[in-house]
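*Asks:* After the sequence you'll find the predicted model.
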Amino acid sequence: MIIAERKDLGQILKMVEGRERVLVAGCRSCVSICHAGGEKEVATLAEALRLKAEQERRALSVTEVTVERQCEKEWVRELAPLVSGSDIVLSMACGVGVQVMQEAYPDIMIVPGLNTSNMGAPEEQGIYMEKCGGCGDCVLHLTGGICPVARCSKSLLNGPCGGSQDGRCEVNRDLPCGWDQIYHSLERLGRLDLLEGNIPPKNWLPSRSGGPRRIIRASIVQGEEEKAEGKP
Amino acid sequence: MKAGSKLEAVLESGRFAVTTEIGPPKSASAEPIRKKARTLRECADAFNLTDNQTAIVRLSSLASSAVCLQEGAEPVMQMTCRDRNRIAMQSDLLGASALGIRNVLCLSGDHQTFGNQKEAKNVYDLDSVQQLMVFRQMRDLGQVWGGDVLEERPKVFLGAAANPFADPFEFRVARLAKKVNAGADFIQTQAIFDLDRFERFMAMVRERGLDRRTHILAGVIPLRSANAARYMKTKVSGMSVPDEVVDRMKGAQDPKKEGVRICEETIERLRAVPGVHGVHIMAIGWETIVPTIVQECGLVPRS
């Protein structure tokens, strides 16, 4: 899932400065699970905005809403009545949600309440770890199910650098060395042989280096006629 | 001969090689490099010019290597994967060869968060193993990566680093093998204080026959103080400094002298380790001590 965290309140206040009708829009998907932009966090932020306005004796109306998935326009469209009654939308979704909202409502300013960080998973309550680098050419079958692109600080593909010690990364002692984890995973799986061969220079074209990525699944793309017929 | 460098000639002839390091300055002046090169040129076969070591912005290793060469000292140009993609790496390799630089050391590089540009975006398009593969293809097949033909091939003796003190220990020799398979003609190791662990590492190296396929130069650092020893022991990732070394430095009346003594004893022991073909002396910020060390170890004259 997508891991995000809320921006500083100061930064958020600056983005909504001078606005009187703010819609705080959360998302029930990834950011809800990582406690950054779900219903509860929307309520907390909305309350903080109201309190601040009260302290400053400003008129401010804050509306709260949380949709199923802000990354899909079908869900976002349902917000039309609320959006039209606001003069700014503070999206508590990931960066994808913010953009889908902006595409759906091009005439109103949509601003981000979160900083979107990575594709990861909860390790334990309140701790989230990046897992996938989204490189477009998965190598997990070679690396014991641990991604070197995302989990090695240098995205090395041929083993740990000289800074790996006691299973820790040289960048931060609190961070596990991804390659140490790969080594031990392959050891458990009895597949250390996979580390003997050299992985040649990676094709980064399917990654962000090839430009914004657009995937077309031809089998389900609707033709003009089907679209006109309104088939689902 | 692959490159025709002096380092290559010494190693291929079976003589014990000596390399040392010249740190480029935080300056637009080449004068510090010239000075160090003139002081040290009789002390070693070749001189490593570091590439923005610990991610601190310094005079480039390419320019420093060219200056070193002008002073009659043979450079080993270090090149990290941190700051360049494969376009820049291949281009810099051609440039280095065109300038007469004949040794290149391929490195991952210290992470940018260690240096003075913590907010930088790193590159790591290639890792050091892939860098070796690409450079060897350029030299031996006369092709850039992807197959385009070079009108003239770069003449470079290719080096890589090995760290016997990093973890997982069992993988360190396998990683060295990967570098040798990728094209490493020579290896310079992390500084050795823990000789027992290094000897275990070398036994595994010999078991795989890697000492016959590449030239291993063992790294040493002369310590200047007990604090330096403690710092390396506790703060530097991938270093092993036994308590005995820290204690000797702590108990010494003249710590600098003791540091040199430890370094010289280490070199003596390393010379006796089968498969070690040379020594790499890293006297960071204390290059002036190198002539004493090579003199007292009987490693000079070099030619």
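*Replies:* All right, it came through fine. Numbering: from 1, shown residues only, chains lettered A, B, ... in the order given.

*Asks:* For the spatially most central residue of chain B, which non-adjacent residue is spatially closest?
*Replies:* Centroid-nearest residue in chain B, with Cα atoms, centre = their mean: B:Gln188, separated by 4.7 Å. Counting by Cβ to Cβ, 6 or more residues apart in numbering or on different chains, B:Gln188 lies nearest to B:His280, which is 4.4 Å off, once chain neighbours are set aside. Yep, even glycine has a C-beta here, placed from its N, CA and C like the rest.

*Asks:* On the three-state scheme, the one you found is what?
*Replies:* What DSSP: H, G, I helix; E, B strand; the rest coil gives for B:His280 is strand.

*Asks:* can you list contacts of the longest helix seen in chain A?
*Replies:* The residue-count maximum for a helix in chain A (DSSP state H) belongs to helix A:39-55. Under the criterion Cβ atoms under 8 Å, 6 or more residues apart in numbering or on different chains, residues A:6, A:9, A:12-13, A:16, A:22, A:24-26, A:28, A:31-32, A:35, A:59-60, A:62-66, A:90, A:92, A:113 lie in contact with helix A:39-55.

*Asks:* and if you look at stretch B:80-93?
*Replies:* A:154, A:201, B:51-52, B:55, B:62, B:79, B:104, B:106-112, B:122-128, B:131, B:134-135, B:138, B:144-145, B:154, B:156.

*Asks:* Same check on stretch B:277-287?
*Replies:* When contacts are defined by Cβ under 8 Å, 6+ apart, stretch B:277-287 is touched by residues B:10-11, B:16-23, B:36, B:39-40, B:44-45, B:48, B:186, B:188-189, B:191, B:211, B:215-222, B:224, B:263, B:267, B:270-271, B:289-290, B:293-294, B:299.

*Asks:* Name the residues of it that are buried.
*Replies:* Across stretch B:277-287, burial judged by 16 or more other Cβ atoms under 10 Å in any protein chain shown covers B:277-283, B:286-287.

*Asks:* same deal with stretch A:139-149?
*Replies:* Of all the residues in stretch A:139-149, those buried under the rule 16+ other Cβ under 10 Å are A:142-144, A:146-149.

*Asks:* can you tell me the distance between the two ends of that stretch?
*Replies:* Chord length of stretch A:139-149, first to last residue, is 9 Å (Cα to Cα, to the nearest Å).

*Asks:* just to revisit the earlier point, distance check, the residue nearest to B:Gln188 against B:Ile216.
*Replies:* 10 Å (Cβ to Cβ, to the nearest Å).

*Asks:* Now do the buried residues in the longest helix of chain A.
*Replies:* Of the residues in helix A:39-55, A:41-42, A:45-46, A:49, A:53 count as buried by neighbour count, 16+ other Cβ under 10 Å.

*Asks:* mean confidence for that helix?
*Replies:* The average pLDDT within helix A:39-55 is 98.

*Asks:* Just checking the distance from it to the centre of its chain.
*Replies:* Chain-centre distance of helix A:39-55: 23 Å, with Cα atoms, centre = their mean, to the nearest Å.

*Asks:* can you pull the alpha-carbon coordinates of that helix into PDB?
*Replies:* Only the C-alpha atoms of helix A:39-55 are listed here, as PDB (Å, rounded to 0.1, in the frame of the first residue of the first chain):
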ATOM      1  CA  GLU A  39     -11.800   9.400   8.700                       C
ATOM      2  CA  LYS A  40     -10.100   9.900  12.100                       C
ATOM      3  CA  GLU A  41      -7.200  11.900  10.800                       C
ATOM      4  CA  VAL A  42      -9.600  14.100   8.800                       C
ATOM      5  CA  ALA A  43     -11.600  14.800  12.000                       C
ATOM      6  CA  THR A  44      -8.400  15.700  13.900                       C
ATOM      7  CA  LEU A  45      -7.200  18.000  11.300                       C
ATOM      8  CA  ALA A  46     -10.600  19.700  10.800                       C
ATOM      9  CA  GLU A  47     -10.800  20.300  14.500                       C
ATOM     10  CA  ALA A  48      -7.300  21.800  14.500                       C
ATOM     11  CA  LEU A  49      -8.200  24.200  11.700                       C
ATOM     12  CA  ARG A  50     -11.400  25.200  13.500                       C
ATOM     13  CA  LEU A  51      -9.600  25.800  16.700                       C
ATOM     14  CA  LYS A  52      -7.000  27.900  15.000                       C
ATOM     15  CA  ALA A  53      -9.700  30.100  13.300                       C
ATOM     16  CA  GLU A  54     -11.400  30.500  16.600                       C
ATOM     17  CA  GLN A  55      -8.200  31.700  18.300                       C
END
